[in-house]
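>>> Pasting a predicted model and its sequence here:
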Amino acid sequence: MDKMPFGGLTRSDLGVPLKNHFYLCMQKPFKFHPEVDTLFCGIMTKDPDGWLVLHQEQPHHRLLALYREAAVVLDSYPAGGDTTTREVIEMGKPLVTLPARLLGGRWSLGYLSNIGLKEDTKRALIASTPEEYVDLAVQLGTDDTLREAVEADLRECSSNLFHREEAVAAWQEMFLEISPYQRCQEGSENEEVLHEHEEL
């Protein structure tokens with residue numbers, strides 16, 4: 001990582017705490033619901049030694065450096081990350097998510113569920129309630145052994161984000177199901193069966 005374009009950036013360069021571990025959320029403000037305030041306050045209450053970093057938009061190389069330095073990256077709610085989540089996984093950094101009901105809040109769940117992570121890793125990252133979101137974040141932020149195990153699993157599985165033939169096949173099947181051509185073909189077949197039945 002040191003040889004990457006952001007490798008030389010220090011915490012001082014990035015304007016983040018020099019010693020304390022920190023939680024990072026880099027999502028755009030429109031993705032935040034007021035409930036997120038409660039989540040973030042809960043994390044800071046349970047981990048008074050940690051810092052919460054909400055940074056303005058950054059050049060890409062600085063953004064990647066922030067991911068590298070963060071103890072935990074926090075997904076926004078109810079609209080979650082997509083590209084952000086992918087990049088965090090590529091960096092091998094833990095991202096805690098609370099999946100929402102609609103698609104825009106479920107990208108992180110989809111990525112984390114389908115790259116071959118150990119069940120323990122998925123349980124450490126995917127919350128089912130706001131309270132669990134807080135607890136998972138704090139556990140990862142304060143338990144170095146747990147965090148290192150999660151990071152190792154993410155690094156091992158991150159390449160599985162790409163070259164997924166299952167996704168292509170699923171899209172193909174969906175488009176065929178909804179295509180007018182497919183419905184016309186099915187209609188023609190039904191008409192032929194009906195015609196044959198009438199002739200009998």
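Sure, I can see it.
>>> From now on I want contacts and neighbour counts done on CA atoms only, so please keep to that.
Will do.
>>> any idea how far the residue sitting nearest the centre point of the chain is from His61?
A centroid search over the chain (C-alpha atoms, centre = their mean) returns Ser108, at 2.5 Å, as the residue closest to the centre. Here Ser108 is placed at a distance of 22 Å from His61 (C-alpha to C-alpha, to the nearest Å).
>>> what's the pLDDT at Gln58?
The score at Gln58 is 88. That number is its pLDDT.
>>> what sits against Gly80?
Applying C-alpha atoms under 8 Å, 6 or more residues apart in numbering, one finds that Gly80 lies in contact with Gln27, Lys31, Thr97, Pro99, Gly104, Gly105, Arg106, Trp107, Ser108.
>>> Same question for Leu63.
Residues counted as contacts of Leu63 (C-alpha under 8 Å, 6+ apart): none.
>>> Assumed it was part of a helix.
Yes - assessed with DSSP: H, G, I helix; E, B strand; the rest coil, Leu63 lies in a helix.
>>> ok but Tyr23 is inside a helix, no?
No - using three-state DSSP, the secondary structure at Tyr23 is strand, not a helix.
>>> For this structure, just list every one of the strands.
22-25, 51-54, 72-74, 95-96 (DSSP state E).
>>> neighbouring strands for the second one, and are they parallel or not?
Yep, that's strand 51-54 we're talking about. On the basis of DSSP bridges, the sheet neighbours of strand 51-54 come out as strand 22-25 (parallel).
>>> Pull the distance from the strand it pairs with to the chain's centre.
On the basis of C-alpha atoms, centre = their mean, to the nearest Å, strand 22-25 is displaced by 14 Å from the centre of the chain it belongs to.
>>> Let me see the mean pLDDT of that strand.
Across strand 22-25, pLDDT averages out at 96.
>>> list the buried ones in it?
Phe22, Tyr23, Leu24, Cys25 (16 or more other C-alpha atoms under 10 Å).
>>> now stretch 40-56
So for stretch 40-56, counting by 16+ other C-alpha under 10 Å, buried means Phe40, Gly42, Ile43, Met44, Asp47, Gly50, Trp51, Leu52, Val53, His55.
>>> Filter those residues down to just the ones in helices.
Applying DSSP state H to these, the entries found in helices are Phe40, Gly42, Ile43, Met44.
>>> Tell me how many other residues surround the closest residue to the residue nearest to the centre of the chain other than its chain neighbours.
Among residues not flanking Ser108 along the chain, Thr85 sits closest, at 6.0 Å (C-alpha to C-alpha, 6 or more residues apart in numbering). Taking other C-alpha atoms under 10 Å as the neighbour definition, Thr85 ends up with a count of 24.
>>> One more: Gly105?
Counted with other C-alpha under 10 Å, the neighbours of Gly105 add up to 22.
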